[in-house]
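>>> got a predicted model here, sequence first, then my questions.
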Amino acid sequence: GIQVEQSPPDLILQEGANSTLRCNFSDSVNNLQWFHQNPWGQLINLFYIPSGTKQNGRLSATTVATERYSLLYISSSQTTDSGVYFCAVLLTGGGNKLTFGTGTQLKVEL
Amino acid sequence: SAVISQKPSRDICQRGTSLTIQCQVDSQVTMMFWYRQQPGQSLTLIATANQGSEATYESGFVIDKFPISRPNLTFSTLTVSNMSPEDSSIYLCSVDFIGGIDEQFFGPGTRLTVL
């Protein structure tokens, strides 16, 4: 099946720093989503981004489908950005089933 | 925006018992899914809940262990049967809204601990 790998697995930042999270996938996809899982376990939708670039406040994302990767940029990080970031992909011809990546655990310190 | 709710939000259960988790959406959806997240792990799809017919299970998950119902377009239940400590996980439902793109949204999750 499709492999979805995220890097780095863990990241510690000082408040105000910038970071880039990466998601690599091994097969052609129809859809890619980025989620933030907060410390209470809730999954928050960040981006629906099968291709191209989108921005939402301090966050932006870019997906290059032909090269099978996506990037999530966090600028001017805040302690509330802490949690786990997941990418998830919808396989081409795979119905509506999302396959989740391995996740990046982010901790933002004062 | 639509609201997805799950009940219970958390529970502590004894081994050998069963727990039924409910997922309710306040607008009609096309697809409903159930995921499991074991401690420290990513999310894994258990099954697709089909309205009016049997759920479609992923490899490694069976109906006897995880029976699922979906009686209408806004409600589904997942039962975790004959529980063991290995079933301790967060269970999440997700939905795909009618008329929208294929973006999925998740309920708040049910945190299950089995003793």
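Received, thanks.
>>> which SS class is residue 66?
Using chain A here. Here A:Thr66 takes the helix state, with states given by DSSP: H, G, I helix; E, B strand; the rest coil.
>>> count the residues that sit near it.
The local packing of A:Thr66 (other Cβ atoms under 10 Å in any protein chain shown) involves 8 other residues. Every C-beta, even on glycine, is put in place using the N, C-alpha and C of the backbone.
>>> I'd assumed A:Arg22 was in contact with A:Ser7.
Yes - counting by Cβ atoms under 8 Å, A:Ser7 does reach A:Arg22; the two are 4.9 Å apart.
>>> shared neighbours, those two?
Overlap of the contact sets of A:Ser7 and A:Arg22 (by Cβ atoms under 8 Å, 6 or more residues apart in numbering or on different chains) is empty.
>>> how close does A:Leu91 sit to A:Ala61?
19 Å (Cβ to Cβ, to the nearest Å).
>>> looking at the two, which is more packed in?
A:Ala61 (23 against 18).
>>> ok, that one - contacts?
By Cβ under 8 Å, 6+ apart, the neighbours of A:Ala61 are A:Trp34, A:Leu46, A:Phe47, A:Ile49, A:Thr53, A:Lys54, A:Gln55, A:Ser70, A:Leu71, A:Leu72, A:Tyr73.
>>> identify the residue nearest the last one in space, chain neighbours excluded?
Just to be clear, that refers to A:Tyr73. Using Cβ to Cβ, 6 or more residues apart in numbering or on different chains and skipping the chain neighbours, the partner closest in space to A:Tyr73 is A:Ser60 (4.7 Å).
>>> what of B:Gln38?
Using Cβ to Cβ, 6+ apart, the nearest residue to B:Gln38 is B:Ser89, at 4.8 Å.
>>> in the sheet, who's paired with the one you found?
Here B:Ser89 sits in beta bridges with B:Leu112, going by DSSP bridges.
>>> could you tell me which residues of chain B lie near chain A?
Within chain B, the residues that sit near chain A (Cβ under 8 Å from any Cβ of the partner chain) are B:31, B:33, B:37, B:42-45, B:48, B:58, B:90, B:92, B:94, B:96, B:101-106, B:108-109, B:111.
>>> now with 6 Å?
Residues of chain B found near chain A (Cβ under 6 Å from any Cβ of the partner chain) are B:Met31, B:Ser42, B:Leu43, B:Leu45, B:Ile90, B:Asp96, B:Asp102, B:Glu103, B:Gln104, B:Phe106, B:Pro108, B:Gly109.
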